[in-house]
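Enquirer: no FASTA, just this:
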């Protein structure tokens, strides 16, 4: 879990762990850190005897971001269906959305 904590995820995990400590952390809005903290204390509380706080927050981040990615793909399909009015093309567009090279950012922390 710790190997996937790179780029901006370091800041989000630190904010969820310790709050806004430095000025450079003000650039990151509080919804994701609050969601991480809340889910690690409620949904994943049963793992706290086995994991420290930081890996627990990272696990929460992976779950939240992957759920958000699935919801984004579903809404993208609905939007494509509304705009294009062809289910087959809308499905292809959604598959391209899910499997493009930048999709690694959608499902990572």
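Expert: Arrived safely, thanks for sending. These figures come from a predicted structure and were not determined experimentally.

Enquirer: Dead centre of this structure: give me the residue that sits there.
Expert: The residue lying closest to the centre of the chain (Cα atoms, centre = their mean) is residue 65, at 1.8 Å.

Enquirer: Is it in a helix, a strand, or coil?
Expert: Assigned state for residue 65: helix (three-state reduction, DSSP: H, G, I helix; E, B strand; the rest coil).

Enquirer: Surely it is in contact with residue 108?
Expert: Yes - here residue 65 reaches residue 108: they are 6.8 Å apart, a contact under Cβ atoms under 8 Å. The way it works is simple: take the backbone N, C-alpha and C, and place the C-beta from them, glycine included.

Enquirer: State the distance from the residue nearest to the centre of the chain to residue 82.
Expert: Going from residue 65 to residue 82 by Cβ to Cβ, to the nearest Å gives 26 Å.

Enquirer: Report pLDDT for residue 2.
Expert: We have a pLDDT of 75 for residue 2.

Enquirer: hang on, I meant residue 13
Expert: pLDDT, the model's per-residue confidence, is 89 for residue 13.

Enquirer: Can you give me the neighbour number for it?
Expert: 24 (other Cβ atoms under 10 Å).

Enquirer: the helices in this protein, which residues?
Expert: 9-18, 31-41, 53-84, 87-98, 104-107 (DSSP state H).

Enquirer: Take the ones you listed and write them to CSV, including distance to residue 25.
Expert: Compiled in CSV, the helices of the chain are given as follows (distance: least, Cβ to Cβ, whole Å):
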stretch, distance to residue 25
helix 9-18, 6
helix 31-41, 9
helix 53-84, 15
helix 87-98, 31
helix 104-107, 20
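
Enquirer: Which of those comes out lowest on mean pLDDT?
Expert: With a mean of 80, helix 104-107 has the lowest mean pLDDT of these.

Enquirer: Quick one: list the elements packing against that one.
Expert: The helices and strands touching helix 104-107, judged by 3 or more Cβ pairs under 8 Å, 6 or more residues apart in numbering; DSSP states H and E, are helix 53-84.

Enquirer: Next, the angle helix 31-41 makes with the helix it packs on.
Expert: 120 degrees (axes from the mean of the first three to the mean of the last three Cα atoms, to 10 degrees).
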